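1. Attaching a predicted model along with its sequence, questions to come.
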Amino acid sequence: MIEKRMVAAGFAAVMLLPCLAVAQGASQGAAPAQSASQGAASGQDQQAVQGNAEAGRAKNSMCIGCHEIPGYKSSFPSVYHVPRIVGQNARYIESALREYRNRDRNHPTMTAVAEGLSDRDIADLAAYYGSK
């Protein structure tokens, strides 16, 4: 039983690392993250946010561990090939991240990461990966 708790605690810590990276970016002058409901409530036009590739490069620490390793396979929630997103269409990346954030796409890790991203973060990451 203790081993199961240790594994669960370790998994929870790994899941929180991306959120901490976004929080660190916010404390270093980046715009604070808004939840999906806050963005919708403010009437913010998601398409109006222009991404900055350089800012995205500073925010990609949560992405590189899975999406920049050629041939990487993850084992949670099942074994699958993780797609490389370098060079992917920026609009597609924005759309996918918003869908994970809004829970319209279902993947535990991506949902946890995307829920901590503001519209600015999403646009910046999409600009970064789309420009490579």
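-> Sure thing, it's come through. Numbers count the residues shown, from 1 in each chain.
2. Give me the nearest residue to Gly56, chain neighbours excluded.
-> Leaving aside its sequence neighbours, Gly56 sits nearest to Tyr128 (Cβ to Cβ, 6 or more residues apart in numbering; 2.7 Å). C-beta here means a position set from N, CA and C on the backbone, and glycine is covered the same way.
3. List the buried residues of whichever strand or helix holds the one you found.
-> Using DSSP states H and E, Tyr128 falls within helix 119-130. For helix 119-130, burial by neighbour count (16 or more other Cβ atoms under 10 Å) applies to 119-130.
4. Check stretch 96-109 too.
-> Buried residues in stretch 96-109 (16+ other Cβ under 10 Å): 96-98, 100-101, 109.
5. dump the residue contacts of the residue nearest to Gly56.
-> 51, 53-57, 59-60 (Cβ atoms under 8 Å, 6 or more residues apart in numbering).
6. So which of those residues wins on neighbours?
-> Gly56 (25 neighbours; other Cβ atoms under 10 Å).
7. returning to that earlier point: now pLDDT, secondary structure and distance to Ile69 too, for the buried residues of stretch 96-109, in CSV please.
-> As requested, the buried residues of stretch 96-109 are exported to CSV (pLDDT from 0 to 100; DSSP: H, G, I helix; E, B strand; the rest coil; distance: Cβ to Cβ, whole Å):
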residue, pLDDT, secondary structure, distance to Ile69
Ala96, 97, helix, 18
Leu97, 98, helix, 19
Arg98, 98, helix, 24
Tyr100, 98, helix, 20
Arg101, 98, helix, 23
Thr109, 93, helix, 14
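8. Now distance to Tyr80 too, for these, in TSV please.
-> Shown next, in TSV, are the buried residues of stretch 96-109 (distance: Cβ to Cβ, whole Å):
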residue	distance to Tyr80
Ala96	15
Leu97	18
Arg98	22
Tyr100	15
Arg101	21
Thr109	11
